[in-house]
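Engineer: model the structure of this input:
(2 chains)
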Amino acid sequence: MTTPVLSARDLAVAFSVGGEEIAAVHRVDFDLHAGEVLAIVGESGSGKSVTSLAVLGLLPRNATVTGSIVADGTELVGASERTFASIRGDRIAMIFQDPSNALDPVFTIGYQIQEMLRRHDPKQSREDRRARAIELLAMVELPEPEERLDSFPHQLSGGQAQRVMIAMALACDPEVLIADEPTTALDVTVQREILDVLRRMRERTSAAILLITHDMGVVADIADRVVVMRRGRVEETADVRSLFSAPRAEYTRALLAAVPRIGAEARVSTADGAERPVLEIEDLVVEYRNRRRRHIRAVEGVSLAIRAGEMVALVGESGSGKSTIGKSVLGLAPVEEGRIVVDGVELGNASREAIRTVKKRIGVVFQNPTAALDPRRTIGQSIGEPVRVHDGVKGRALAARVTELLEAVELPASWSGRYPHELSGGQRQRVAIARAVALDPLLLIADEPTSALDVSVQATVLDLLRRLQERFRFACLFISHDLAVVDALCDRVVVLHRGSIVEEGERRRVLTDPEHEYTRRLLAAAPVPDPDEQARRRAEALAG
Amino acid sequence: MSEQLAPQQAPLVAPADRSVWATLRSRPLFWVCSVVLSLLGLIALLPGPIAGLFGQPDPRACTLADSALEPGGAHVFGTDLQGCDIFANVVYGTQTSLFIGLLTTVLCLVIAMVLGTLAGYYGGVADRIVARLTDVFLGFPFLLGAIVVLNSIGARSPVTVSLVIAFFSWPTLARLVRSSVRTVRSAEYVQAASAMGLRDRRILLDHVVPNSLGPVLAIATTMVGSVIVAESTLTFLGVGLRSPSISWGLQLSTAQSYFQSEPHLLVFPSIFLTVTVLSLITLGDILRDALDPKGRS
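Structural biologist: Got it, this is the predicted structure:
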């Protein structure tokens, strides 16, 4: 076997926080060979990002790295800042998660790429640099690379910005490319394009890719070998096929089982036919005004209805208007035209009192549980707030209700005195759900409630939502970009594209036999955790 | 199954007492600041007996023959150019200076909290009105404005002086409150509260104000010092307090021209001013930490 371009032996990272040593990574070993894609997979807190930052010497000062990292014969643990400077960019380059924040907004992308080239080879002439920049942009398949050189970052979409980041990373022909969650901030269809770029990149250059990700679908799509990490330790290292077909570590098996897949069995819907719908939206139009007073239509003539006990999914990519629809039901978006009727009350022209009474019966769960809870309130106070304010319950009775709600979301009742920062993400989301169901809602609006959570936690939160719905029989508007999650939970699916509904129907029908071209594209873009299936799809895409 | 993947956090031992008071109590600095500030308060309330401790109870009993004596002997802090006892002057000045400093800051804080919160939370017209208003006040030179206003007021007492200083210093604080409220307003927990159907007043008082107070308090405590100095500037220009008023500001402004020959004139009032401001700032910081649940435990 050839010598690896990057290898780590007994790598350990510890942070000293307030005089205490906290180990983030213990004894990690891996080898990365030329032309290979090695994925490091793990959930939050597994130490995968810390490992990649250690390779580039980008850890904060309170971190201690021990063991050994050798890149092409150079020892990087304990290396001087100067050694790192000569390695970064030239031999090891990095791509970050959020491309829109990684580019400097005041310079053109051409300038930023050429700056990178100048930094690493000051002797190159101006024309050569420009030519090389164009070549790089062409390599990442950015259309019209020559004109694009003069674009500013805000003129690019997220996917284009990420391509520019890849071009910059490749500028100096690095031997190793570290990609830290390179597609997590992007939509599925864009993710697909970026993964394609990375894949073809590997065929053109000999660069090895170290891919950090939490997404098993991405791993199945692009990786050759996989390192599974958990709590700072390596659980398993295997090549991609055997990892998915015969996982050795128990953790890997559990992780794979927790990944939602499309193809869930038929379920009995708890929706009942006769009643009038709980939520009725007719010809909704929502317009935002931007800074230059121009109107931007976020939602364009959307109609939908949800009955009690029914779970309807709003699916779409960013900018499709799915969150805006949820917000307009909550009165948080500027409704231009159309009717929203909740439990027989039309929100547009009802009295303030009537609206307050209706809002009492609408629960809401947001994407980011950390931001959705007041950091200065204990979780008991947060959960009890709607009960206290709307029903005037106080003292003992309030405490009893909070206990009941905490138990409903499977948290210990004794935790009511804790603050949000003392809980994990999944636990916080449970608290937010408890608050949402505190007043026995008729309608629950869940805006991407599991997107910020790890897959295993996501599975438990989805379970919880399903159980709560069986118990409380609320109507639920479930907003999500993840078709597999929707498949596991919802009865009906509404697909949105650029503010309008393109397809709507029963879950299994939409997800297995989509009518609209866009739905088909969405389904095809979402990577599945199965390398053979991904290979088959790629072959199909090439043939088609 | 998944529970093994996402283990419940190791059940922390329930902290014994995490109230704000318990946290404050355990911080030695809190006690240091409180003792210093209560001493200053005591001095402000009972200047006579305290000045008398060193045998010079009357700040206005001056003998020109004793002009600018070094510290020591009958005058612990020495005497100023008129031969007045500096210790007695500093002690008597505490009342006026603390009064002006605190009153002005509280006034500013109240105006800024109300206007800044309205502007930041409601935005739109309210925001534009408040923004233009602060622009007008910020564009106006402080000294010029204060001179014009104070000259047109007949009687000048510590209250009128602090009203005038507050009148010209609230805008900076209001802008700070506004931006701080705006950040909190867009937080999801505020959206959640409004989606819950809570009334605006309740959202503002329960969620927005407590969460936007941190940076504002930090600036407000430093403001006390600058207000005390601003009073001295006005007094020095002849539009602030009138002689025979006694304040630290007055002493500082007369002393600054003799700094090289008679440094003790400047040193003692400045020490008092610095100690006051330092303890206020430190107390503000400690309070902010104690009010933030993440700082407790």
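Engineer: in chain A, where is pLDDT below threshold?
Structural biologist: A:1, A:268-275, A:290-292, A:544 (pLDDT under 70).
Engineer: now whatever residue of the stretch 301-450 of chain A ends up closest to chain B, nearest residue through space, not along the chain?
Structural biologist: Nearest residue of the stretch 301-450 of chain A to chain B (CB to the nearest CB) works out as A:K359 at 3.2 Å. For the C-beta atoms, the positions are set from N, CA and C on the backbone; glycine is no exception. Counting by CB to CB, 6 or more residues apart in numbering or on different chains, B:G197 is the residue found nearest to A:K359 once chain neighbours are left out, at 3.2 Å.
Engineer: B:T276 too?
Structural biologist: Nearest to B:T276 is B:L40, by CB to CB, 6+ apart, at 6.0 Å.
Engineer: the nearest residue to B:D85 once chain neighbours are set aside: what's it in contact with?
Structural biologist: Setting aside the residues directly before and after it, B:D85 is nearest to B:Q56 in space (CB to CB, 6+ apart), at 3.9 Å. B:Q56 makes contact with B:A74, B:H75, B:D85, B:F87, B:A88, according to CB atoms under 8 Å, 6 or more residues apart in numbering or on different chains.
Engineer: would you convert those residues into JSON lines that also reports secondary structure?
Structural biologist: Below are those laid out as JSON lines (DSSP: H, G, I helix; E, B strand; the rest coil):
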{"residue": "B:A74", "secondary structure": "coil"}
{"residue": "B:H75", "secondary structure": "strand"}
{"residue": "B:D85", "secondary structure": "strand"}
{"residue": "B:F87", "secondary structure": "helix"}
{"residue": "B:A88", "secondary structure": "helix"}
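Engineer: closest one to A:A79 out of those, please.
Structural biologist: Checking those against A:A79 by CB to CB gives B:F87 as the nearest, at 62.1 Å.
Engineer: the closest one - how many residues pack around it?
Structural biologist: Neighbour count for B:F87, taken as other CB atoms under 10 Å in any protein chain shown: 21.
Engineer: contact partners for it?
Structural biologist: If you count contacts by CB under 8 Å, 6+ apart, B:F87 has them with B:A51, B:F54, B:Q56, B:H75, B:V76, B:F77, B:F268.
Engineer: with B:F272 instead?
Structural biologist: Contacts of B:F272 (CB under 8 Å, 6+ apart): B:L40, B:V90, B:G93, B:T94, B:W248.
Engineer: ok, now how distant is the third one from chain A?
Structural biologist: Counting by CB to the nearest CB, to the nearest Å, the gap from B:G93 to chain A is 39 Å.
Engineer: list the contacts of that residue.
Structural biologist: Applying CB under 8 Å, 6+ apart, we find B:G93 in contact with B:I246, B:S247, B:W248, B:L250, B:Q251, B:P269, B:F272.
Engineer: again with A:R91
Structural biologist: By CB under 8 Å, 6+ apart, the contact set of A:R91 is A:A71, A:D72, A:P174, A:E175, A:V176.
Engineer: my guess is the second one meets A:V5, correct?
Structural biologist: This means A:D72. Yes: using CB atoms under 8 Å, A:D72 is in contact with A:V5, at 5.7 Å.
Engineer: shared neighbours, those two?
Structural biologist: A:E175.
Engineer: more crowded one of the two?
Structural biologist: Taking other CB under 10 Å, A:D72 and A:V5 do not tie; A:V5 has more neighbours (24 against 15).
Engineer: for the residue lying closest to the more buried one once chain neighbours are set aside, list the residues it contacts.
Structural biologist: Counting by CB to CB, 6+ apart, the nearest residue to A:V5 once its immediate chain neighbours are dropped is A:E175, at 4.8 Å. The contact partners of A:E175, taken as CB under 8 Å, 6+ apart, are A:V5, A:L6, A:A34, A:A71, A:D72, A:R91, A:I92, A:S206, A:A207, A:A208.
Engineer: looks like the last one contacts A:L32 (just checking).
Structural biologist: Yes: using CB under 8 Å, A:A208 is in contact with A:L32, at 4.9 Å.
Engineer: any residues in contact with both of these two?
Structural biologist: A:V5, A:L6, A:L38, A:V176.
Engineer: got the CA positions of the helix or strand harbouring the third one in PDB?
Structural biologist: Yep, that's A:L38 we're talking about. Using DSSP states H and E, A:L38 sits within strand A:37-41. Taking Å, rounded to 0.1, in the frame of the first residue of the first chain, the C-alpha atoms of strand A:37-41 are listed here in PDB:
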ATOM      1  CA  VAL A  37     -12.600  10.100   0.200                       C
ATOM      2  CA  LEU A  38     -12.500   9.400   3.900                       C
ATOM      3  CA  ALA A  39     -15.600  10.300   5.800                       C
ATOM      4  CA  ILE A  40     -15.600  11.000   9.600                       C
ATOM      5  CA  VAL A  41     -19.200  10.500  10.700                       C
END
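Engineer: does chain B have contacts with that strand?
Structural biologist: No: using CB under 8 Å from any CB of the partner chain, strand A:37-41 never reaches chain B; the gap is at least 13.0 Å.
Engineer: partners of that strand in the sheet?
Structural biologist: strand A:208-213 (parallel), strand A:225-230 (parallel) (DSSP bridges).
Engineer: nearest to B:A119, out of those strands?
Structural biologist: Comparing the strands paired with strand A:37-41 by their distance to B:A119 (CB to CB), the top pick is strand A:208-213, with 43.3 Å.
Engineer: what's the first helix or strand after the closest one?
Structural biologist: For strand A:208-213, the following helix or strand on the C-terminal side (DSSP H and E) is helix A:216-222.
Engineer: does chain B sit close to that next one?
Structural biologist: No: between helix A:216-222 and chain B, judged by CB under 8 Å from any CB, nothing touches; the nearest distance is 13.1 Å.
Engineer: circling back to that earlier point, now the residue nearest to A:V5, what are its backbone angles?
Structural biologist: phi -80, psi -30 (degrees, to the nearest 10).
Engineer: who's in contact with the residue of the stretch 151-297 of chain B found nearest chain A?
Structural biologist: The minimum distance from the stretch 151-297 of chain B to chain A, using CB to the nearest CB, falls at B:G197 (3.2 Å). B:G197 sits next to A:I355, A:R356, A:T357, A:V358, A:K359, A:K360, A:I362, A:H390 when contact means CB under 8 Å, 6+ apart.
Engineer: one more time with 6 Å, if that's ok
Structural biologist: B:G197 is in contact with A:R356, A:K359, A:K360, counting by CB atoms under 6 Å, 6 or more residues apart in numbering or on different chains.
Engineer: can you pull out the strands in chain B?
Structural biologist: For chain B, no strands are identified by DSSP state E.
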